[in-house]
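> here you go, sequence then predicted model.
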Amino acid sequence: MSVLLGCVAALLIVAQAWLLADVVAEAFLGGRGLDQLGLPMAVLAGVVLMRAAVAWAAELAAARASAQAKSELRGGLLAAGARLAAIGDPRVRSGELAVLASPGIDALDGYFSRYLPQLLLAVIVPIAMVVALLAADWISALIVAFTVPLVPLFMALVGAATREHTEAQLSTLQRLAGHFLDVVAGLQTLKLFGRARAQAHTIGRVTDLYRRRALATLRVTFLSSLILELVATVAVAIVAVAIGIRLMEGSMGLRAGLFALILAPEAYAPLRRVGANYHESAEGMAAAERAFTIIEAAPRRPPGNGRRVPDPSAEPIVLCGIGFAYPQRRSPALSGVSLEVRPGEALGVAGTSGCGKSTMLALLMGLRQPYQGSARIGGLEIGMLDRRAWHARLAWIPQRPHFFGGSIADNVRLGRPGASEAEVWRALDAAGVRDVVRALPLGLDSVLGDGGFGLAAGERQRLALARAFLRDAPLLLLDEPTAGLDGRTEGEVLAAVRRMLVGRTAVVASHRPAVAGLCDRVVTLERQESAT
Ligand SMILES: Nc1ncnc2c1ncn2[C@@H]1O[C@H](COP(=O)(O)OP(=O)(O)OP(=O)(O)O)[C@@H](O)[C@H]1O
Ligand SMILES: [Mg+2]
């Protein structure tokens, strides 16, 4: 669409210049009046209007394309970010991702809606102008043909210098955002250790760095547009002088001279605009590059290809000779693990800290792939199941359940969005936190701070259980449900866990004997010592 409109625009520019030169030459030298020039002037007005319409259509097409490309990229980035976050990849920092996904990718607007269409015009228009000039005045055509390439040449030189600047600017902004989020999240810790002020200094320093980087980029931008304007102006001046001399000598007609004079600046205009838009798009390009590295780093989603997803309440899960190692670690987290989770049983997984219990749960969820052995249900590799459908069959309570800043009801409803209030209360009752919530002045609508701030550890744990109750999935994955709790609170949580295990298949990771006591069977994982 842009190429097509660009060609039409080039033709219209030539037509406009020709009509204008014609009208002026006829009026001055031909001595014609308004009555005789009415028709060409009306045509000229028509051409001007058409140019405006073409410019509008080009802008519209570009804005559409830009919006589509941006939302595609943003979707890809968020999906990749979610996949990396699901396996706890340290490369994902929430603040950086947020900056990339919103202002970063938004900066691509300049690239798609202005730079790219303008780039096409910058190729089409000068060539069309030179051809048109060749027909009217070959000397002007020659001057333009030799000076036009100077503009992209200077642009490339300046561009090489700015590229570094914009990349540095984006990475500073990302660092700032990531750091800021971290600091705000840990504000209490910082305050209590008396480090809040020092952190404020750090943020001030990074902000200052960002400001200086932004100004440096702007400086280069202004300088470069100055250079481009200068080249274009000087070139047009040369054309004008050459035409003026020939007009005085009488070796050139007014019509041809005017035509060349009107057309010459048009040859440089799109190139100058490309130069200006380049800087606007550079920031977006840097963001896009970062986005692509994240998208490429994310593990591919298994195809799932619509095959059936087995039901864990009917078919056993079989792990056979599993070996798994984290890429950053030298020794494997799991090695030669074989076990079976039978339908309806509660399997305890015991072992010292670091023996790979949480890792094994990640494998059962299909978030990690073993390098050796297989994890299957109903003969199908868990990692290859359709992830959404598989996750719909399980409820997972992580070692440190996450709560969002929001009401208790919203946090519990994460288990099953759209659950009625009565269902939420029933889940809270089953998890043994009904009285705790009821005692709060706002009840279900009480607002939790970020990360569940404002609740005791035991209450948080039971709230997480309530979430799982509400989900009511056939397979339950519990990771250290009683870690860090005192005897009495542990008892309360265990009572809730016991209610939860009824009629479900469960894998419970814990090194606490009391938790193991709830299970039908317990397997113990061996810790894999480092080889060195
Ligand atoms: N994201 C990760 N990247 C690299 N190594 C990891 C990662 N998560 C865990 N590990 C390593 O893998 C091993 C097993 O960790 P895992 O969290 O599965 O142990 P765990 O049995 O759940 O321990 P705990 O009882 O303390 O929860 C540990 O040596 C740990 O350092
Ligand atoms: Mg663990």
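Yep, it's here. Numbers count the residues shown, from 1 in each chain. Ligands and ions are numbered 1, 2, ... in the order given.
> in which helix or strand does the closest residue to ligand 2 within the chain reside?
At 3.1 Å from ligand 2, Ser358 is the closest residue in the chain, using C-beta to the ion. From N, CA and C alone the C-beta is placed, and that goes for glycine too. Per DSSP states H and E: Ser358 is located in helix 357-364.
> helices and strands around that helix, which ones?
strand 317-324, strand 334-341, strand 346-350, strand 475-479, strand 505-509 (3 or more C-beta pairs under 8 Å, 6 or more residues apart in numbering; DSSP states H and E).
> what helices or strands is the strand or helix carrying Val236 leaning on?
Using DSSP H and E, Val236 sits in helix 196-249. Packing contacts for helix 196-249, counted by 3+ C-beta pairs under 8 Å, 6+ apart, involve helix 138-147, helix 150-185, helix 187-192, helix 254-297.
> got the angle between it and helix 254-297?
160 degrees (axes from the mean of the first three to the mean of the last three C-alpha atoms, to 10 degrees).
> what pLDDT, on average, does helix 196-249 get?
For helix 196-249, mean pLDDT is 86.
> what angle do it and helix 150-185 make?
Going by the same axes, to 10 degrees, helix 196-249 makes 160 degrees with helix 150-185.
> distance between helix 196-249 and the chain's centre?
Distance of helix 196-249 from its chain centroid, counting by C-alpha atoms, centre = their mean, to the nearest Å, is 30 Å.
> quick one, domains of this protein?
66-297, 317-524 (automatic domain parsing).
> does any bit of the shortest one sit next to ligand 1?
Yep, that's domain 317-524 we're talking about. Yes. Using C-beta under 6 Å from any ligand atom, domain 317-524 reaches ligand 1 at 326, 328-329, 333, 351, 353-359, 399, 480.
> so how far is Phe222 from Ala161?
Distance of Ala161 to Phe222, given as C-beta to C-beta, to the nearest Å: 13 Å.
> my bad, Leu334
Distance from Leu334 to Phe222, by C-beta to C-beta: 58 Å.
> the two - which one has more neighbours?
It is Leu334, of Leu334 and Phe222, that has more neighbours when counted by other C-beta atoms under 10 Å, with 24 against 11.
> partner residues bridging that one?
Under DSSP bridges, the beta-bridge partners of Leu334 are Phe324.
> quick one: contacts for it?
Ile322, Gly323, Phe324, Gly356, Thr359, Met360, Leu363, Pro370, Leu525, Gln528 (C-beta atoms under 8 Å, 6 or more residues apart in numbering).
> who wins for most neighbours among those residues?
The contacts of Leu334, ranked by neighbours (other C-beta under 10 Å): first place Met360, 28 neighbours.
> can you verify my assumption that that residue contacts Val337?
Yes. Using C-beta atoms under 8 Å, Met360 is in contact with Val337, at 6.9 Å.
> identify the contacts common to those two.
Common neighbours of Met360 and Val337 (C-beta under 8 Å, 6+ apart) are Leu319, Ile322, Leu525.
> ok, so of those residues, who is nearest ligand 1?
Leu525 (6.9 Å; C-beta to the nearest ligand atom).
> distance of Val424 from Leu414?
Per C-beta to C-beta, Val424 is found 11 Å from Leu414.
> no no, Leu485
Taken as C-beta to C-beta, the span from Leu485 to Leu414 is 22 Å.
> and the residue in the stretch 151-300 of the chain that ligand 1 sits nearest to, what does it touch?
Relative to ligand 1, the nearest point of the stretch 151-300 of the chain is Pro299 (13.2 Å; C-beta to the nearest ligand atom). By C-beta under 8 Å, 6+ apart, Pro299 lies in contact with Arg83, Leu84, Ile87, Gln369.
> before we move on, which element is it in?
Per DSSP H and E, there is no helix or strand for Pro299.
> any weak-confidence spans in the stretch 1-150 of the chain?
Residue ranges of the stretch 1-150 of the chain with pLDDT under 70: 91.
> let me see the ranges of the helices in it.
2-28, 34-86, 94-99, 105-106, 108-109, 116-136, 138-147, 150-185 (DSSP state H, counting those that start in this stretch).
> a markdown table for the ones you listed, including distance to ligand 1?
Formatted as a markdown table, the helices of the stretch 1-150 of the chain follow (distance: least, C-beta to the nearest ligand atom, whole Å):
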| stretch | distance to ligand 1 |
| --- | --- |
| helix 2-28 | 45 |
| helix 34-86 | 11 |
| helix 94-99 | 16 |
| helix 105-106 | 27 |
| helix 108-109 | 32 |
| helix 116-136 | 40 |
| helix 138-147 | 59 |
| helix 150-185 | 18 |
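> adding distance to Pro474, write the ones you listed out as a markdown table.
Shown next, in a markdown table, are those (distance: least, C-beta to C-beta, whole Å):
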| stretch | distance to Pro474 |
| --- | --- |
| helix 2-28 | 54 |
| helix 34-86 | 21 |
| helix 94-99 | 32 |
| helix 105-106 | 40 |
| helix 108-109 | 44 |
| helix 116-136 | 51 |
| helix 138-147 | 75 |
| helix 150-185 | 35 |
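> so can I have a markdown table of the ones you listed showing distance to Ile238 and mean neighbour count?
Output for the helices of the stretch 1-150 of the chain, formatted as a markdown table (distance: least, C-beta to C-beta, whole Å; neighbours: other C-beta atoms under 10 Å):
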| stretch | distance to Ile238 | mean neighbour count |
| --- | --- | --- |
| helix 2-28 | 18 | 19 |
| helix 34-86 | 26 | 15 |
| helix 94-99 | 47 | 20 |
| helix 105-106 | 41 | 18 |
| helix 108-109 | 36 | 20 |
| helix 116-136 | 13 | 20 |
| helix 138-147 | 6 | 19 |
| helix 150-185 | 12 | 17 |
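> out of those, which comes closest to Gly503?
helix 34-86 (28.0 Å; C-beta to C-beta).
> distance of the residue nearest the centre of the chain from Glu280?
Among the residues of the chain, the one closest to the centroid is Ala101, at 3.3 Å (C-alpha atoms, centre = their mean). Ala101 sits 19 Å away from Glu280, going by C-beta to C-beta.
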